[in-house]
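Student: Sharing a sequence plus its predicted fold:
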Amino acid sequence: MDLQLQSLTETLNQADYRVRSGAHAADRVWPTGFDVLDANLQGGFRSGDLVLLGGPQGMGKTTWMLQVARNIARQGRPVLYFCYEHDQTTMLIRLVALEAGLVGGIDAPGINRIRATFEAADGLGRTLSERLSDTAGGAEALEIVKEYSDRLTIHRSSGSTTTLDQIKETVAMVKERHGTAPFVCLDYLQKIPMPGLDEEERTTQLVTQVKDMTLDYDVPALCIVASDKEGISTGKRMRSSHMRGSSALAYEADTVLMLNNKYDVVARHHLVYDSGNVERFRHWAVLTIEKNRSGLTGVDMEFPKRFEQSRFETQGQLVREKLVDERVFTE
């Protein structure tokens, strides 16, 4: 049967079958593991959706995306992560630091300690687990990562060779290996090569074809997007209009999320009249749903940052303070 040409009767029968069999919700909804976000997305991301994640440089976009990938893999589902910025070992170090933080709390080894363990060259013959056995949660973190490592595949992508065609081929390969479609992460979208076009044309083609891929393969795709010069300049809260390349980004996406530092976007009076907020707000990130085809938009949520452990706290809350687009407070 041609899936591109289908009567509504056939579509209705398929939907009825999925609902009766109980497979529809379980197969198509992908919880992120961030409680407030999932509640506002009616359970999580959905198969066939294109989700964009933006934010200022150094805001932890890769950290957040990798944590979502980890959360989904721990749910027993396959994840395929295309990384144009880091190699597999770097991403593994981040995951071990994350798990150690969850196990050992504030006493857990941070990412620098984990990295030093992975880069040890003393020739003493000790394993990674043995080298981390004297830390709070380090050895346990390695075992936890092993539990889901077969389901989390990281592709070391190249801005010159990892084309969209190769991405599609890899998605099909992982789907065949696991027997089910993977959750797809692209870090980041504008790095995908498409020669011969200017930036706006290239971005338009990329986002359109990635959206087509989510529908053709029935997978969700979570993509980090770079910001334009205005978005990364001092004095601006990054919005979807600051995504670099093309207006097609916001148009084609099903969901657009923006990460910002709470300290940078909170209204001035929250800082002036309570100086204790200054330091406290530096440790919180604001995650905003700027677009959501399936529900509410303009939802501002906040989550504590634990960047020394390469993670965010997954239990967050709605922002109570007033937020602004222009940073009017300077120290």
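Tutor: That came through fine.
Student: so what's residue 291 bridging to?
Tutor: residue 256 (DSSP bridges).
Student: Which parts of the stretch 151-300 of the chain are strands?
Tutor: Counting by DSSP state E, counting those that start in this stretch, the stretch 151-300 of the chain has strands at residues 152-156, 183-187, 221-224, 255-261, 284-292, 299-306.
Student: do the same with the stretch 1-150 of the chain
Tutor: Taking DSSP E, counting those that start in this stretch as the criterion, the stretch 1-150 of the chain contains strands spanning 29-30, 45-46, 50-54, 79-83.
Student: Please enumerate residues in contact with the first one?
Tutor: Contact with strand 29-30 is made by 42, 43, 44, 45, 46, 47, 72, 77, 183, 220, as judged by C-beta atoms under 8 Å, 6 or more residues apart in numbering. No exception for glycine: its C-beta is placed from N, CA and C like everyone else's.
Student: what bits of the chain have low per-residue confidence?
Tutor: Counting by pLDDT under 70, the chain contains low-confidence ranges at 1-4, 8, 11, 15-26, 229-235, 273-276, 327-331.
Student: Now do the contacts for the most centrally placed residue in it.
Tutor: What sits nearest the mean C-alpha location of the chain, by C-alpha atoms, centre = their mean, is residue 65, with 2.1 Å. Neighbouring residues of residue 65 by C-beta under 8 Å, 6+ apart: 53, 81, 185, 187, 222, 224.
Student: Give me the buried stretch members for stretch 263-273, please.
Tutor: Across stretch 263-273, burial judged by 16 or more other C-beta atoms under 10 Å covers 263, 264, 265, 266, 270, 271.
Student: can you check stretch 35-53 too?
Tutor: For stretch 35-53, a neighbour-count test (16+ other C-beta under 10 Å) marks 35-38, 40-41, 44-53 as buried.
Student: what about the helices in the stretch 51-200 of the chain?
Tutor: Using DSSP state H, counting those that start in this stretch, the helices of the stretch 51-200 of the chain run over 61-74, 88-104, 111-118, 128-131, 138-148, 164-178, 199-216.
Student: so which of the ones you listed gets nearest residue 322?
Tutor: helix 61-74 (24.0 Å; C-beta to C-beta).
Student: Chain neighbours aside, what residue packs nearest to residue 201?
Tutor: Excluding the flanking residues, the one nearest residue 201 by C-beta to C-beta, 6 or more residues apart in numbering is residue 246, at 7.9 Å.
Student: count of neighbours near that neighbour?
Tutor: 20 (other C-beta atoms under 10 Å).
Student: How about residue 135?
Tutor: Residue 135 has 20 nearby residues by other C-beta under 10 Å.
Student: give me every residue that touches the nearest residue to it once chain neighbours are set aside.
Tutor: Spatially, and ignoring its direct neighbours in sequence, residue 135 is nearest to residue 109 (4.3 Å; C-beta to C-beta, 6+ apart). Contact analysis of residue 109 by C-beta under 8 Å, 6+ apart lists 97, 100, 117, 132, 135, 136, 137, 138.
Student: among these, which two are most distant?
Tutor: 117 and 136 (13.9 Å).
Student: Looking at those two, which one has more neighbours?
Tutor: residue 117 (20 against 17).
Student: now the end-to-end length of stretch 109-126.
Tutor: For stretch 109-126, the first-to-last residue distance is 18 Å (C-alpha to C-alpha, to the nearest Å).
Student: do stretch 153-161 as well
Tutor: 18 Å.
Student: so how far is it from its chain's centroid?
Tutor: 17 Å (C-alpha atoms, centre = their mean, to the nearest Å).
Student: And stretch 146-161, by the same measure?
Tutor: With C-alpha atoms, centre = their mean, you get 14 Å for stretch 146-161.
Student: Only the buried residues of that stretch, if you could.
Tutor: Residues 148, 151, 152, 153, 154, 155, 157 are the ones in stretch 146-161 that count as buried (16+ other C-beta under 10 Å).
Student: Nice, that's everything, thank you.
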